[in-house]
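Asker: turn this into a model:
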Amino acid sequence: MGFKLVLNVLYTMGVALCFIVAYKMAVTHNYPVMVGAMIVGVIVIFMKLRLLKEVKDTKDAQQKK
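Answerer: Here you go, the predicted model:
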């Protein structure tokens, strides 16, 4: 469970970093890099949601036992 907590924190930091990069690139009018950062950010968000669902399912399975 500790690994999943660390992974969740890393995903959160990754999302924040991607959107900071996307904002900076929008300000400097470097749109291809901005779009790339946004796509990576969205992928990380989906991975984070999948991790949270997995943790929730594991917790529910443990409570039913």
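Asker: low-scoring stretches of this structure, by residue?
Answerer: Applying pLDDT under 70 to the chain flags no residue at all.
Asker: which residues in it form helices?
Answerer: 2-27, 31-64 (DSSP state H).
Asker: buried stuff in the last one?
Answerer: Going by neighbour count (16 or more other Cβ atoms under 10 Å), the buried part of helix 31-64 is M34, A37, M38, V40, G41, V44, I45, K48. All C-beta atoms are positioned from the backbone trio N, CA, C, and that covers glycine.
Asker: and the second one, what does it touch?
Answerer: What that stands for is A37. A37 makes contacts with C18, F19, V21, A22, M25, as judged by Cβ atoms under 8 Å, 6 or more residues apart in numbering.
Asker: roughly how far apart are the first one and I43?
Answerer: In this structure, C18 and I43 are 9 Å apart, going by Cβ to Cβ, to the nearest Å.
Asker: what is in contact with those two at once?
Answerer: Common contacts of C18 and I43 (Cβ under 8 Å, 6+ apart): none found.
Asker: sorry, back to before: between the contacts of A37, which is closest to Q62?
Answerer: Using Cβ to Cβ, C18 comes nearest to Q62 of these, at 32.8 Å.
Asker: now do the same contact list for the closest residue to the closest one other than its chain neighbours.
Answerer: Take C18 and drop its neighbours on the chain: the residue closest to it by Cβ to Cβ, 6 or more residues apart in numbering is G41, 3.3 Å away. Residues in contact with G41 (Cβ under 8 Å, 6+ apart) are G14, V15, C18, F19, A22.
Asker: are any of the residues you listed buried, and which?
Answerer: Counted by 16+ other Cβ under 10 Å, the contacts of G41 give G14, V15, C18, F19, A22 as buried.
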